[in-house]
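Colleague: let's see this in three dimensions:
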Amino acid sequence: MTDRPNILFILTDQQRFDALGANGNAICQTPSTDRLAREGMNFTHAFTPTSLCSPARASLLTGLYSHNHTMTNLTNTRIPGVGDLPDHLATFAMHLGAAGYRMGYVGKWHTGRTKSPLDWGFDDYRPGEGWHEWFPEGTRLENESAIRLAYNRDKPMAARVPRPLAQYPELGRTDAAIAMLGEYAAGDAPFCLQLNYFGPHYPHYLPEPYHSLYDPAQIPPWDNFEARPSTPHYGYRWLRDRWCAPADEWSHYAEIMAAYYGQVTLLEHEIARVLETLEYLELTGNTLVIFASDHGEMGGGNGLLQKGAVPYDELYRVPLIARWPGRIKAGSTCDQMVNLFDLMPTLLEVGGVRPAAALDARSILPLMQGALPADWPDEVFCEYLAYQAGDVELKILRTKTHKLAVNLSEPAELFDLEADPGETTNRIADPACARIGVELTDRLEAQMARTRDPMLNCLRR
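Modeller: Below is the predicted model:
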């Protein structure tokens with residue numbers, strides 16, 4: 001076997017940073033990610049470049065912001081837009097594959113309408129069933145368990161589905177990943193396997209025992225649940241109107257979060273199967289395991305569900321854990337500001353590959369190994385460029401203490417995260433925050449200039 005490590009990259013969908021026990025959640029059971037944190041490094045300040053599935057995943061593949069890879073919207077939306085990444089771009093799979101890695105992809109793609117992972121450098125692709133294949137039209141829901149949205153009661157947010165656990169699609173994705181690991185272990189080449197689960201993205205259609213695993217009455221409201229912006233911009237208003245619960249009471253949101261937690265724990269048990277397979281195949285010692293999610297979920301924060309054109313940490317702060325025996329210190333924590341798509345150049349550096357083209361992202365391998373580069377930034381730059389109905393474009397600059405969110409149509413938002421971690425009070429017009437507002441604006445513009453953001457001139461007008 002080569003001395004280059006194998007890579008197992010586990011990616012969930014729409015998972016909050018604080019849904020993990022390793023990140024302080026005392027209710028949701030997350031034994032597998034807790035184990036990875038004990039045996040590896042937990043990144044406490046990791047943020048997605050954008051809080052929407054397709055563009056975030058495109059950034060992971062390319063190391064570029066949405067404004068550079070151009071996939072700004074969901075690829076399955078009916079709204080016209082970029083359905084596939086431009087052909088001139090290169091992905092980490094293409095680079096690693098050219099360097100001799102066997103590239104595998106299991107599960108959710110959502111990064112192209114006509115092209116699949118096989119078109120972007122992966123050798124093997126096993127998608128598995130999606131939600132609607134598992135829950136086809138006409139399948140009966142347990143009516144007494146269904147949590148329905150006010151705007152569309154025919155498609156519940158969460159429900160008990162009377163089908164056997166063995167038929168749950170996530171188990172099939174795990175089976176496919178385990179089979180692929182077995183194939184790769186028999187070969188001589190190092191491998192990189194990306195395992196993509198659909199959960200805990202809505203709809204939370206769960207079999208037992210996971211649907212009833214958590215009691216909604218035992219889930220307390222978030223500190224910012226009752227917070228509402230004094231002057232909400234259009235994106236907030238649209239998201240709240242569309243994704244609000246049947247009534248503006250925490251009990252409804254708690255039911256949704258109970259199902260959400262059940263989905264998280266189910267995935268934890270599936271991840272345990274994959275980690276056990278690594279051990280059985282004697283691959284653990286030479287495999288870098290990375291766990292992350294593409295973006296978060298509001299889950300009732302600021303009175304919102306789902307995701308959209310709002311800048312809150314519930315959407316942008318994501319879990320990120322890495323384990324690499326002998327190379328990453330067990331039980332370590334990194335509190336540096338990192339971006340999820342920094343994983344793209346990280347994987348390349350781990351595989352001994354230097355990208356030919358300039359990237360917006362930067363390798364976090366030094367951080368994984370306990371080093372802090374002198375020029376490591378103390379900020380992250382994020383954006384939201386989707387144009388589904390109700391969206392507004394956002395540019396976000398976040399430090400550990402403050403966040404600035406700018407859009408082109410309505411007043412900016414400035415949050416003092418030390419005094420107001422729930423982002424409940426916009427301080428943009430507060431004279432006491434004028435200096436930090438100017439500083440963050442300058443830093444935001446510098447990031448936009450660095451990444452060749454075409455909206456910079458519009459922002460300066």
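Colleague: what sits closest to residue 437 if chain neighbours are left out?
Modeller: residue 414 (5.3 Å; Cβ to Cβ, 6 or more residues apart in numbering). Placement of C-beta: from N, CA and C, glycine included.
Colleague: Three-state assignment for that neighbour, please.
Modeller: strand (DSSP: H, G, I helix; E, B strand; the rest coil).
Colleague: tell me what it is bridged to.
Modeller: Applying DSSP bridges to residue 414 gives these bridge partners: residue 404.
Colleague: before we move on, what about residue 206?
Modeller: Residue 206 has these beta-bridge partners by DSSP bridges: residue 160.
Colleague: that one and residue 14, how far apart?
Modeller: Plainly put, residue 206 is 15 Å away from residue 14 if you go by Cβ to Cβ, to the nearest Å.
Colleague: same check, this time on residue 49
Modeller: Per Cβ to Cβ, residue 49 is found 15 Å from residue 14.
Colleague: equivalent analysis for residue 20, please.
Modeller: Using Cβ to Cβ, residue 20 is found at 14 Å from residue 14.
Colleague: spatially central residue in the chain, please.
Modeller: Among the residues of the chain, the one closest to the centroid is residue 294, at 1.9 Å (Cα atoms, centre = their mean).
Colleague: what residues are up against the residue lying closest to it once chain neighbours are set aside?
Modeller: Nearest residue to residue 294, sequence neighbours excluded (Cβ to Cβ, 6+ apart): residue 56, at 4.3 Å. By Cβ atoms under 8 Å, 6 or more residues apart in numbering, residue 56 lies in contact with 48, 49, 50, 294, 295, 340, 341.
Colleague: same check on residue 332?
Modeller: Residues near residue 332 by Cβ under 8 Å, 6+ apart: 40, 41, 42, 370.
Colleague: packing partners of the helix or strand harbouring the third one?
Modeller: Looking back up the chat, that one is residue 42. Here residue 42 sits within strand 41-43, counting by DSSP states H and E. For strand 41-43, the elements it packs on are strand 320-323, strand 332-334, helix 365-368, judged by 3 or more Cβ pairs under 8 Å, 6 or more residues apart in numbering; DSSP states H and E.
Colleague: list the buried residues of the first one.
Modeller: Taking 16 or more other Cβ atoms under 10 Å as the neighbour-count basis, strand 320-323 is seen to contain the buried residues 320, 321, 322, 323.
Colleague: and the pLDDT for the nearest residue to residue 219 once chain neighbours are set aside?
Modeller: The shortest distance from residue 219 to any non-neighbouring residue, by Cβ to Cβ, 6+ apart, is to residue 254 (4.5 Å). For residue 254, the model assigns a pLDDT of 93.
Colleague: any idea which element residue 254 lies in?
Modeller: helix 250-280.
Colleague: more neighbours, residue 49 and residue 14?
Modeller: In terms of neighbours (other Cβ atoms under 10 Å), residue 49 is the more surrounded of residue 49 and residue 14; the figures are 30 against 26.
Colleague: pretty sure the more buried one is in a strand, no?
Modeller: No: under three-state DSSP, residue 49 sits outside any strand and is assigned coil.
Colleague: phi, psi for it please.
Modeller: Here is the backbone geometry of residue 49 (degrees, to the nearest 10): phi -70, psi -20.
Colleague: hmm, it is touching residue 67, no?
Modeller: No: using Cβ atoms under 8 Å, residue 49 makes no contact with residue 67, being 10.0 Å away.
Colleague: which residues do the two both contact?
Modeller: By Cβ under 8 Å, 6+ apart, the residues touching both residue 49 and residue 67 are residue 383.
Colleague: so who does the closest residue to residue 74 other than its chain neighbours touch?
Modeller: The shortest distance from residue 74 to any non-neighbouring residue, by Cβ to Cβ, 6+ apart, is to residue 54 (4.9 Å). Residue 54 makes contact with 71, 73, 74, 75, 76, 110, 111 under the criterion Cβ under 8 Å, 6+ apart.
Colleague: which of these sits closest to residue 97?
Modeller: residue 111 (16.6 Å; Cβ to Cβ).
Colleague: and the closest one, how many neighbours does it have?
Modeller: Counted with other Cβ under 10 Å, residue 111 comes out at 26.
Colleague: so it makes contact with residue 58?
Modeller: Yes: between residue 111 and residue 58 a contact is recorded at 5.4 Å, counting by Cβ under 8 Å.
Colleague: to which secondary structure element is residue 35 assigned?
Modeller: Per DSSP H and E: residue 35 is located in helix 31-39.
Colleague: chain center to that helix: distance?
Modeller: Relative to its chain's centre, helix 31-39 lies at 18 Å (Cα atoms, centre = their mean, to the nearest Å).
Colleague: quick one: the residue nearest to residue 74 is in a helix?
Modeller: Yes: assigned with three-state DSSP, residue 54 falls within a helix.
Colleague: how much space separates it from residue 241?
Modeller: 23 Å.
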